[in-house]
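> here are the coordinates; sequence isn't available:
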């Protein structure tokens, strides 16, 4: 089914998408292979740039044509300036960013296998791990007006839960990308319209080892039984399993030559939020997300690899 561009928003609101999550400066090293425990490899390249799942997803949504406001917390340091330069360069609104007086901006140390494009990441949340109740409350009006609320688990859980509750009560469609995987209480899952784990995260949250469509179906059922309305499980090259409790199936990905898989899931989630905001059905939205994710892996980096709307539309044709 082809996704129709420019549908009316489901909620009839002007606010569009609020992304609530992390920013981290990505410190990326490339090598031929990834080191084993205790092993040192000579690198083939290094790059510093903007990252963090929340930030990547906000950039992805903005470039995919979404009306986006991004709420995060950064330090008053050089890495925080990296964030501001990215958003201003892309024409994004920076008015919802919270500045910490004492905590540093988050960082992510990333190792990329130049041969396979696979990666390993250690994320240090920094200021994003210290979002306070007062910070969340200061964004109440914004959260209550959102049509779509997109969040992840790289920020402190109490802040995520509080922001999600406000957005849900205000009528937003809540999308949760449960990464990195962490224990989620049933009351949190009951607020989620769409959950978007990969196979590893789905297993960590449900106990079901996800390897194929049948096991993805069992994991999805476990999420539905806990109150989630729609389940999307990304399965890498195999595509995406989607389930709304009535209809289910695999949505194939797009065939591309992968250079760097860093940020592919973020590209998918950001674009998915845009499609949902524009009124697309679940399976249409997944296909739109698949196109954005596929384009992102053809380039090096995370936020700077996110695709623009014109590119996504062209690939989907």
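Received, thanks. Just so we're clear, the structure is a prediction, and the values are computed from it rather than from any experiment.

> what's the burial count for residue 298?
Counted with other Cβ atoms under 10 Å, the neighbours of residue 298 add up to 15. Where C-beta positions appear, they are placed from N, C-alpha and C, glycine not excepted.

> ok, residue 308 next?
For residue 308, using other Cβ under 10 Å, the count is 15.

> once you drop chain neighbours, what's closest to residue 55?
residue 23 (4.2 Å; Cβ to Cβ, 6 or more residues apart in numbering).

> would you mind measuring from the one you found to residue 92?
Using Cβ to Cβ, to the nearest Å, one gets 12 Å for the distance from residue 23 to residue 92.

> more crowded one of these two?
A side-by-side neighbour count of residue 23 and residue 92, using other Cβ under 10 Å, places residue 23 first with 36 against 19.

> pretty sure that one contacts residue 56?
No - with contact defined as Cβ atoms under 8 Å, residue 23 does not reach residue 56; the gap is 9.0 Å.

> can you pull the contacts of the residue nearest to residue 55?
Shown in contact with residue 23 (Cβ atoms under 8 Å, 6 or more residues apart in numbering): 50-52, 54-55, 72-74, 80, 83, 105-106, 128.

> for the helix or strand encompassing residue 231, which helices and strands make contact with it?
Using DSSP states H and E, residue 231 sits within strand 230-234. Other elements packing on strand 230-234 under the criterion 3 or more Cβ pairs under 8 Å, 6 or more residues apart in numbering; DSSP states H and E are strand 194-195, helix 199-206, helix 213-225, strand 240-243, helix 264-277, helix 282-296.

> show me what counts as buried in stretch 100-112.
100, 103, 104, 105, 106, 107, 108, 110, 111, 112 (16 or more other Cβ atoms under 10 Å).

> before we move on, the earlier item: please report the distance of the residue nearest to residue 55 from residue 96.
Applying Cβ to Cβ to residue 23 and residue 96 gives a distance of 12 Å.

> got it, and residue 223?
29 Å.

> of the two, who's got more company?
residue 223 (25 against 17).

> pretty sure residue 204 contacts residue 184?
No - with contacts counted by Cβ under 8 Å, residue 204 stays clear of residue 184, the gap being 10.1 Å.
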